[in-house]
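*Asks:* no FASTA, just this:
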C-alpha cells in the first residue's frame, strides 16, 4: 500500500472512530466507548456531515438526534461555523459538505420542517435515541446551555472555564461569536462580579471569579476544547485524501499539508508536538514526515 | 534552484497544481538556462524559468501577464521547492516584439509534463542566437553559456547577422566586432 493510501485509510478510520465516540456521548445508540473530552456540538454536527458520504449510518443517526434534540443546538453558531464547510474551500475548490447533506441538517433542526416532526413522532414511539445526558462532564456545553440558554453566554462561560482567561476579541474569534456581543456580556458579568477584569496593556483580560463555583471542576473531563480547529484541519485533510487530484498524489497532499501548516503547527504546539519544517522538505519529500507527524497529532489529541 | 535533476519534478508539480487549482491547458515556450538544462545542452543551475510566450495553434504569442490560476499554481510550487517568488517569469517576452530567429517555432522541442502543462524549449541553434545577443548586451554567464554550446563558425556568423537586425546602430555593430575579435573570430567580421 502506498504512503498516501495508508494515510487516507488511517485518517478515515481514526476520524470515524472519534466522531462515533463523541456522538455516543451525546446519546446516539451504538456499541463502543464514549468520549472523555468536552464536546462541541455544532462542530460535531459538521464533522458528521463531512463524514456522511463515508458512513451513512452515522449521518442517519445524527439527523435523528438533531430532530429530537434541536433545542440544544445553537443554530446561529452552527451557521457561522458552517460557512467554512459549505462554501468552496480555498485550496480544494469545492465545499467540504455536500449541499444536499447540509440541507438535511438544516431541515432536521428546523422546528417547522416535516422531517423533524416525523422524527419527533418516531422518537416518542420508538425511542431510538436518548435525550442528551446533560450531567455528563463531557457535555458541559449542553449543561451550560441548560443554565444560560442556547446563546453566547454558555459558550463564553465554557471558554473561560477551559482556557482560564481571555480578551473579548480572542474569545469571540474562538467561540465564533460577534465581538461586540461578547464584550457586552463580559462587561455585565464584570459589573456583577461574576468575572474579574484586569487591564493588561491595551486589552481587558477577563477570568472567572464568582462564576467558578457555578460548575464543578473539569477534573473528570479532558478539557481540550478546540474542536473547531481540530476538525477544520483533519476533515480537510480527509476530504483532500479522497478527492481527485489530491487522492493518491503524494506531492499534492504534501503541498496541501503546507497550505495547512499554520493551523496544524498551532494545534501541534498546544499538544506539545513539533511538526517537520516545510522548508526542509522540497516537493513530495514532505509527505512522509508530515503525514506521520499529523497522525501523531491526531492521536495525541483524540485518544 | 532549478537544475537538470529536479526540472521535470518542478514542471510536473506545476502541472498538478494547475489541475488542482482548476486551471486550463497551457503551452509555454521557454528559453534561458532552464531550456539549456532541459535539453542537456549546458549543465548548470538557474533560479528562474524564462518564458518567451505561449504556443497556440502553431503560433508563438505574447502572454502579457500570466492568468491568475497559473500564478497561484506557480506560487505554490515556489513554496514547495524553495524557489524564488518570480521563478516563472515573462522576462524575455519583449523579444517577441523585436523579432525571433527565423524558423524558431519549427525547431522547438516539446515536452509534456502532465494533463495541463506542455513546455516547448527553444533549440540549441536558437539558444546560440539569443545567447550571442545577451552576451553583447550583458556578458557574464550568457557568454559562458554561448561557448558551452560550442557554436560552429557558420552558426556564429548566422547569429551575428541576426543580432545586427535586432539593433541596427553603429555602436552595437562595434560591440559585436570587438566581441568576435576577442574570441578570435576575426574571419567572420568581413562577412557580416
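*Replies:* Perfect, thanks for sending it. Nothing here was measured: the structure is a model prediction, and the numbers come from that model.

*Asks:* now do the helices in the chain.
*Replies:* No chain was given, so I picked chain A. Along chain A, the segments classed as helices by DSSP state H run A:3-26, A:41-51, A:56-69, A:75-86, A:99-109, A:114-126, A:140-148, A:152-163, A:168-175, A:179-192, A:227-242, A:250-259, A:261-270, A:287-302.

*Asks:* oops, I was thinking of chain B
*Replies:* B:7-20, B:32-38, B:68-80, B:95-98, B:104-107, B:124-137, B:141-148, B:153-166, B:170-182, B:186-189.

*Asks:* flag every buried residue along the first one.
*Replies:* Okay, so that is helix B:7-20. Using 16 or more other C-beta atoms under 10 Å in any protein chain shown as the test for burial, helix B:7-20 gives B:7, B:9-20. Every residue, glycine included, has its C-beta placed from N, CA and C.

*Asks:* now swap in the last one and tell me
*Replies:* In terms of neighbour count (16+ other C-beta under 10 Å), helix B:186-189 has its buried residues at residue B:188.

*Asks:* what packs against it?
*Replies:* helix B:153-166, helix B:170-182 (3 or more C-beta pairs under 8 Å, 6 or more residues apart in numbering or on different chains; DSSP states H and E).

*Asks:* export those helices to TSV and append columns for distance to residue A:289.
*Replies:* Below are the helices and strands packed on helix B:186-189 laid out as TSV (distance: least, C-beta to C-beta, whole Å):
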stretch	distance to residue A:289
helix B:153-166	49
helix B:170-182	51
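
*Asks:* what helices or strands is the helix or strand of chain B with the lowest mean pLDDT leaning on?
*Replies:* Ranked by mean pLDDT, DSSP states H and E, the weakest helix or strand in chain B is helix B:95-98, scoring a mean of 90. Helix B:95-98 is packed against strand B:49-56, with contacts defined by 3+ C-beta pairs under 8 Å, 6+ apart.

*Asks:* okay, the angle between the strand it packs on and helix B:7-20?
*Replies:* 50 degrees (axes from the mean of the first three to the mean of the last three C-alpha atoms, to 10 degrees).

*Asks:* the stretch 151-300 of chain A against chain B: which residues are in contact?
*Replies:* A:245-246, A:249, A:251-252, A:254-255, A:258-259, A:278-279, A:282-283, A:286 (C-beta under 8 Å from any C-beta of the partner chain).

*Asks:* which of these count as buried?
*Replies:* For those, buried by 16+ other C-beta under 10 Å: A:246, A:249, A:251, A:252, A:254, A:255, A:258, A:259, A:278, A:282, A:283, A:286.

*Asks:* nearest to residue A:148, out of those residues: which one, please.
*Replies:* residue A:259 (37.3 Å; C-beta to C-beta).

*Asks:* turn the helices and strands packed on helix B:186-189 into a markdown table, columns for mean pLDDT.
*Replies:* Output for the helices and strands packed on helix B:186-189, formatted as a markdown table (pLDDT from 0 to 100):
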| stretch | mean pLDDT |
| --- | --- |
| helix B:153-166 | 95 |
| helix B:170-182 | 95 |
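
*Asks:* just the helices of chain A: most buried one?
*Replies:* Most buried of the helices of chain A, by mean neighbour count (mean count of other C-beta atoms under 10 Å in any protein chain shown): helix A:41-51, with a mean of 24.
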